[in-house]
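Chemist: Quick one, fold the following:
(one chain, ligands or ions: 1)
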Amino acid sequence: MKYIIINGPNLNLLGQREPGIYGNTNMESVVEELRQRFAPQGVEIACYQSNHEGDLIDCLHRAWREGYDGAVLNAGAYTHTSIALHDAIRAIAPLPVVEVHISNVHQREDFRHTSLISAACCGVICGFGTLSYRLAIEALAGRTTTL
Ligand code: DQA
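Modeler: Residues are numbered from 1 along each chain as shown. Below is the predicted model:
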């Protein structure tokens, strides 16, 4: 199984950015930990980050074309604004995409309470810090093996 973690705007600054909300761990460490954890199960994990909406869409299309088994998408603030990402996720169906957030967006500002991508995703995990990524991979691994 191969999965891709796709991170949107400002997540390249994870570990430095608002640590009280997003923690002190950077994305490289998160992905390294996940690779080690899941490798014994034959799971490969790729990672991509962009601050640009169109690049995230291109990455979803590539994941589909290249035969990934699923994607974990933290679209950052584009979660709350992007119909184009919603359409991209639908366009690559049935590739399962899990929406992930590090923070519990529902405890935060009102503008974070709406996700334009949830309805296109197979599930949503939010509020568990960087553990949210691991939970998403576990969900994908369970889902894709039982399909
Ligand atoms: C986030 C939550 C979003 O509202 C925010 O814009 C982010 C990160 C999260 O992981 O908690 O950039 O997706």
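Chemist: Who are the contact partners of Val72?
Modeler: By CB atoms under 8 Å, 6 or more residues apart in numbering, Val72 lies in contact with 3-6, 97-98, 100, 133, 136-137, 140. Every residue, glycine included, has its C-beta placed from N, CA and C.
Chemist: how about Glu99, secondary structure?
Modeler: Secondary structure, DSSP: H, G, I helix; E, B strand; the rest coil: Glu99 is strand.
Chemist: got it, and Ala141?
Modeler: Applying three-state DSSP: Ala141 is helix.
Chemist: From the ligand, how far off is the closest residue to Cys126 other than its chain neighbours?
Modeler: Closest residue to Cys126 apart from its sequence neighbours, by CB to CB, 6 or more residues apart in numbering: His101 at 3.7 Å. Look at His101 and the ligand: by CB to the nearest ligand atom, to the nearest Å, they are 4 Å apart.
Chemist: so what's His101 scoring on pLDDT?
Modeler: Looking at His101, its pLDDT reads 98.
Chemist: What about it, how many residues nearby?
Modeler: 22 (other CB atoms under 10 Å).
Chemist: That one against Ala77, yeah?
Modeler: No: applying CB atoms under 8 Å as the test, His101 and Ala77 come out as separate, 10.8 Å apart.
Chemist: pretty sure Ala88 is in a helix, no?
Modeler: Yes: according to three-state DSSP, Ala88 belongs to a helix.
Chemist: Would you mind confirming that it is in contact with His61?
Modeler: Yes: between Ala88 and His61 there is a contact under CB under 8 Å: 6.8 Å.
Chemist: filter the contacts of Val72 to the buried ones?
Modeler: 3-6, 97-98, 100, 133, 136-137, 140 (16 or more other CB atoms under 10 Å).
Chemist: Can you tell me which of the residues you listed is closest to the ligand?
Modeler: Distance to the ligand, by CB to the nearest ligand atom, is smallest for Val100 among the buried ones among the contacts of Val72, at 6.8 Å.
Chemist: residue contacts, that closest one?
Modeler: 72-74, 124-126, 132-133, 136.
Chemist: Give me the more crowded residue out of Ala88 and His61.
Modeler: Per other CB under 10 Å, whichever of Ala88 and His61 has more neighbours is Ala88, with 23 against 14.
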